[in-house]
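Chemist: Sequence unavailable; structure follows:
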């Protein structure tokens, strides 16, 4: 009976597959046309303008990398992204660790909080921090009430505000994948370390951290790259004096109509982003979450 | 020992301490905004001196807010339908065929997800200025669709992967035509993936700010664009009310997804 079935199945399967193959390519057409026409062409045109406007040549790149103002923007961008990545790692690793060992009932609750924070509208979350961090905001008032400070700290319209807001937004993006990495580690490796006489610190340093390293590296890279391209949160919490790269691109287009320079800045951001993404795919096995900063 | 909750010893309390602080850090701003949206202080004093619904009233009686809310909903619904349809076609095409350059094409489909949105926004803005599509519903839909589509393709592609194509063969042996097979066997089998793709696409479009800022005109704007331009002027509690409604919508959608997941597991 099984042979009868399989011998009948082979030609059908082959017939089906041949049909599916030619149809398969046709099925890809709508998505291909959309992304080709409204994604690839516009982006390439923008990049092309960086070497064509106002005159052919590399002068936009010379201006971008030669001017004090723009170098400052690059410095701000990379510094904020670096600091945010570091803080996110420092508080995200213990959180992911706790999430991996907690009894299910509690870890589900933590997951719900992470998801809620992640899926809540970005502007709503940024607004919350604008209100919390302002001169007369809750944070300053509490710090003054308990006597830590005498005068309100400047927590918004500078890079401190951007860093706090960005850390808040990035945290779930690190904790979720890192938790999956920690979950996948076999607990018996740590039991073995204990039997061999390793102290807790030794087990952490020599077993847990090395085993978790791919997850740590890939999560950190993702947070770093996403932070580089963020627009909304830095623009609202950083004010006009502390600009980051994405905001610079928007400003160049909206206020200065300098498309050539905007194209050059976009190219730099694109190269860094796609380059680090390639590193992620090549060495760390790629993440499923989106990279693109909002 | 380090991955065993009961044998973490004193470290357990360290982890719980950090975890609790992080959870409060994530939760408090959201709770804080919800509380302020009911407070009667124009300057967002916390705790508020009294309670009121006036910000909600202002929000829901102002035609500008209502218009933007309707535009957002309209765009999000159209994007959801198109994103699921195109995503389904594309992931069927990718799952069942082999051709030269398939993995490159797959990577191309996912690039809008990797690219910083501001680059796409500026590029599309220039393109749409030439085509006269800025400030139109079509402009919003195309922009949102491009960033929603990769999520659709991934989600539907994942559920197609766990679907055994032998079931399609079986249906064909039983005499079903190719379209009937897709309609009565494949689609019902991957309906969870389709639903998840729809929820993701809706939320992505509904929350999208950066692209929308560039697509918007004074007469046509989505809710996030209006929140954005209001926020650049002042921190009115009306925004707190709008934010709280958005959080409520997120919670409803999350509950819907988890209920559906639970429903299929049992």
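Modeler: Cool, got the structure. Treat the numbers as computed from the prediction; the structure is a model and nothing was measured. Numbers count the residues shown, from 1 in each chain, chains lettered A, B, ... in the order given.
Chemist: just for the chain, where's the confidence low?
Modeler: Defaulting to chain A. A:1-24, A:285-294 (pLDDT under 70).
Chemist: that's the wrong chain, I wanted chain B
Modeler: B:1, B:264-266.
Chemist: Find the residue at the geometric middle of it.
Modeler: residue B:203 (2.2 Å; CA atoms, centre = their mean).
Chemist: Does that one touch residue A:118 like I think?
Modeler: No - applying CB atoms under 8 Å, one finds residue B:203 not in contact with residue A:118, separated by 10.5 Å. C-beta here means a position set from N, CA and C on the backbone, and glycine is covered the same way.
Chemist: Which parts of chain B belong to which domain?
Modeler: B:5-37, B:54-265 (automatic domain parsing).
Chemist: what's the offset of the last one from the middle of its chain?
Modeler: Taking the mean of its C-alpha atoms, domain B:54-265 sits 6 Å from the chain's own mean (CA atoms, centre = their mean, to the nearest Å).
Chemist: ok, now stretch A:159-169?
Modeler: Using CA atoms, centre = their mean, the offset of stretch A:159-169 from its chain centre is 14 Å.
Chemist: what's the answer for stretch A:34-43, then?
Modeler: On CA atoms, centre = their mean, the centre of stretch A:34-43 falls 23 Å from the chain's centre.
Chemist: got it, and stretch A:224-231?
Modeler: 6 Å.
Chemist: Run through who's touching that stretch.
Modeler: A:77-78, A:80-82, A:84-85, A:166, A:169-170, A:173, A:244-247, A:250, A:269, A:272-273, A:276-277, A:291-294, B:115-119, B:210 (CB atoms under 8 Å, 6 or more residues apart in numbering or on different chains).
Chemist: again, but for stretch B:54-69
Modeler: With CB under 8 Å, 6+ apart, stretch B:54-69 has contacts from B:37-38, B:40, B:221-223, B:225-226, B:236-238, B:240-242, B:245.
Chemist: Pull out the buried residues from that stretch.
Modeler: B:55-56, B:59, B:65, B:67-69 (16 or more other CB atoms under 10 Å in any protein chain shown).
Chemist: thinking again about what came up before, pull out the buried members of the contacts of stretch B:54-69.
Modeler: Looks like the contacts of stretch B:54-69 have B:37-38, B:221-223, B:225-226, B:236-238, B:240-242, B:245 buried, using 16+ other CB under 10 Å.
Chemist: Leaving out chain neighbours, which residue sits closest to residue A:119?
Modeler: Nearest non-adjacent residue to residue A:119, counting by CB to CB, 6 or more residues apart in numbering or on different chains: residue B:250, 4.9 Å away.
Chemist: Then the one you found would be within a helix, right?
Modeler: Yes - counting by DSSP: H, G, I helix; E, B strand; the rest coil, residue B:250 is located in a helix.
Chemist: Distance check, it against residue B:72.
Modeler: 14 Å (CB to CB, to the nearest Å).
Chemist: OK, contacts around the residue nearest to the centre of chain B?
Modeler: A:119, B:250, B:253.
Chemist: neighbours of the last one, just the number please.
Modeler: So that's residue B:253. 16 (other CB atoms under 10 Å in any protein chain shown).
Chemist: Likewise for the second one?
Modeler: Around residue B:250 there are 22 other residues, counting by other CB under 10 Å.
Chemist: State the distance from it to residue A:118.
Modeler: 9 Å.
Chemist: related to what we said a few turns ago, now render the buried ones among the contacts of stretch B:54-69 as CSV, adding secondary structure.
Modeler: As requested, these are exported to CSV (three-state DSSP):
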residue, secondary structure
B:37, helix
B:38, coil
B:221, coil
B:222, coil
B:223, helix
B:225, helix
B:226, helix
B:236, coil
B:237, helix
B:238, helix
B:240, helix
B:241, helix
B:242, helix
B:245, helix
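Chemist: Show me the two of those residues that sit farthest apart.
Modeler: Maximum pairwise distance in the buried ones among the contacts of stretch B:54-69, criterion CB to CB, is 26.4 Å, between B:38 and B:221.
Chemist: Of the buried ones among the contacts of stretch B:54-69, which are in range of chain A?
Modeler: B:240, B:242 (CB under 8 Å from any CB of the partner chain).
Chemist: so residue B:26 sits right up against residue A:112, yeah?
Modeler: No - counting by CB under 8 Å, residue A:112 is not a contact partner of residue B:26; they are 10.6 Å apart.
Chemist: Could you check how far the nearest residue to residue B:136 once chain neighbours are set aside is from residue A:231?
Modeler: The shortest distance from residue B:136 to any non-neighbouring residue, by CB to CB, 6+ apart, is to residue B:220 (7.1 Å). Distance, residue B:220 to residue A:231, by CB to CB: 21 Å.
Chemist: How about residue B:115?
Modeler: 13 Å.
Chemist: Name the helix or strand for residue B:175, please.
Modeler: Using DSSP states H and E, residue B:175 sits within no helix or strand.
Chemist: Which stretches in the stretch 1-150 of chain B count as helices?
Modeler: Secondary structure of the stretch 1-150 of chain B (DSSP state H, counting those that start in this stretch): helices at B:11-37, B:54-61, B:63-95, B:102-114, B:117-131, B:137-161.
Chemist: I'd like to know which of those is closest to residue A:52.
Modeler: The nearest among these, by CB to CB, is helix B:117-131 at 12.6 Å.
Chemist: Now do that closest one: which elements does it pack against?
Modeler: helix A:41-52, helix A:245-254, helix A:259-284, helix B:137-161, helix B:210-215 (3 or more CB pairs under 8 Å, 6 or more residues apart in numbering or on different chains; DSSP states H and E).
Chemist: Please repeat the previous calculation with a cut-off of 10 Å.
Modeler: helix A:41-52, helix A:232-238, helix A:245-254, helix A:259-284, helix B:137-161, helix B:210-215 (3 or more CB pairs under 10 Å, 6 or more residues apart in numbering or on different chains; DSSP states H and E).
Chemist: and it with helix A:259-284, angle?
Modeler: 140 degrees (axes from the mean of the first three to the mean of the last three CA atoms, to 10 degrees).
Chemist: Give me the buried positions along helix B:117-131.
Modeler: B:117-128.
Chemist: what's the answer for stretch A:257-270, then?
Modeler: Buried, per 16+ other CB under 10 Å, within stretch A:257-270: A:258-270.
Chemist: Tell me the one of those residues nearest chain B?
Modeler: Here the nearest of the buried residues of stretch A:257-270 to chain B, counting by CB to the nearest CB, is residue A:266; it sits at 4.6 Å.
Chemist: From what I see, the closest one and residue A:43 are in contact.
Modeler: Yes - counting by CB atoms under 10 Å, residue A:266 sits close enough to residue A:43 to count as a contact (8.1 Å).
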